[in-house]
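> got a structure for you, letters missing:
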Ligand code: 8YV
C-alpha cells in the first residue's frame, strides 16, 4: 500500500522527520517557498498533519485537506490548532501530555528562584566586574512564601509538589475545584493575586484565557510580588505587564513565553527585575525525544488501525 502522506505544518526535530520518513511521505509546509502552491498540489492527498504548540492547522487549512484524518501536535498545548474545526470534521487531534510535565515544572521553579534571588542580575554583576566595588543588593527569600497557581492541571500540580518541598504556602484558582488537590482553592483570580508572593500562570492558552492577567490582576499582585509565566504569552496582557514592571507596580517577572514569539518586548531586556527565557520549558534532549516519540506513536497507531494514545479531548 502507498505510504500515507503527511503535511508538516510546524517545524519538527530532524530525528522525528527521519523516523517518520520510513513510513510516511512528508511534505514540508513549514519551509515551503510557496506554501499556498504546496497545499494546492498535495492538499487533496494529505491524511495527517504535524503541528506544534505555536503553529498548527487553522480552519482554512483544514478545509483544504479533504482527506485529513489526524493532526498530531508536538506539544501539550493545542491552542495553535483549530481543534473545534478539526473535530467538526471528525479529524483526530493528539498532543503530548505528561512527558514534558517535569521539565516545565522544573523551569517554573527555576524562574521563581531566579527572580526572587536575583540570580540573573547576580550573574551579570560578577561577569561585568562589579563585585570588587561592593556586594549585591539583598534579594527575596523564596522558601516559605505564598505561591498562587493559575491553572491546577498536570503542570500546576507538578509545580505545587516541588514548591511543597520549599515549604511554600500553596493556593490555586481554576475553572473548577480540583477535588484531589490538597491546596486551598481561591475562586477569584484577583483574590489569589492579592494573597500571593509568586503568581504562576500554568493554565491553557487560546481564546478562553486571552488577556486574563491584565493591569487589574497585576495591581492585585502588588509591588512586593512576582509573576511567572510558563504557559502561553497570550494569557498575559503584555503591554499591561511591561507598564506594571516599568512603574514597579509588581516586583518582577519570570517569563518563558511571549505574545509574539520569537519576539519578546525589547523594554524587558533592560529590566533587572525580569528573567526571560526563549520558550525553553520543555527543551531538554530527553523530553523533546519523548515528545517526538509520542507524536510518531500517535500517527503510527492511527494509520495501523489502533486507537491513538493521547487524543485531545472532544469539547
Ligand atoms: C513546545 C509547548 O516547545 O508543549 C507545549 O505546549 O509550548 C512546548 O513544549 C512547543 O509547543 C514547540 O512545539
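Received, thanks. Quick caveat, the model's predicted, so the values are computed rather than measured.
> longest strand anywhere in this structure?
Using DSSP state E to define each element, the chain has its longest strand at strand 46-52.
> residues contacting it, please?
Outside strand 46-52, the residues that touch it by C-beta atoms under 8 Å, 6 or more residues apart in numbering are 4-12, 16, 20, 24, 27, 56-57, 65, 67-75, 78, 80-81, 295, 299, 302-303. All C-beta spots, glycine's among them, are computed from the backbone N, C-alpha and C.
> show me which residues of the stretch 51-200 of the chain sit near the ligand.
52-54, 74-77, 100 (C-beta under 6 Å from any ligand atom).
> now, among those residues, which is nearest to the ligand?
Relative to the ligand, the closest of those is residue 53; by C-beta to the nearest ligand atom it sits at 2.0 Å.
> ok, and the closest non-adjacent residue to the closest one?
Take residue 53 and drop its neighbours on the chain: the residue closest to it by C-beta to C-beta, 6 or more residues apart in numbering is residue 75, 3.1 Å away.
> please enumerate the strands of the stretch 201-315 of the chain.
Along the stretch 201-315 of the chain, the stretches classed as strands by DSSP state E, counting those that start in this stretch are 226-229, 252-255, 274-276.
> can you check the stretch 1-150 of the chain too?
5-8, 25-28, 46-52, 70-74, 92-94, 146-150.
> quick check: the residue of the stretch 151-300 of the chain nearest the ligand.
Per C-beta to the nearest ligand atom, the residue of the stretch 151-300 of the chain with the smallest distance to the ligand is residue 282, at 3.4 Å.
> wait, that residue touches residue 103, no?
Yes - between residue 282 and residue 103 there is a contact under C-beta atoms under 8 Å: 5.1 Å.
> tell me, what residue is most central in this structure?
Compute the mean C-alpha point of the chain, and by C-alpha atoms, centre = their mean the closest residue is residue 231, 3.7 Å away.
> and the residue nearest to that one when sequence neighbours are not counted, how far is that from residue 53?
The shortest distance from residue 231 to any residue other than its chain neighbours is 4.8 Å, reached at residue 201 (C-beta to C-beta, 6+ apart). Taking C-beta to C-beta, to the nearest Å as the criterion, residue 201 is separated from residue 53 by 15 Å.
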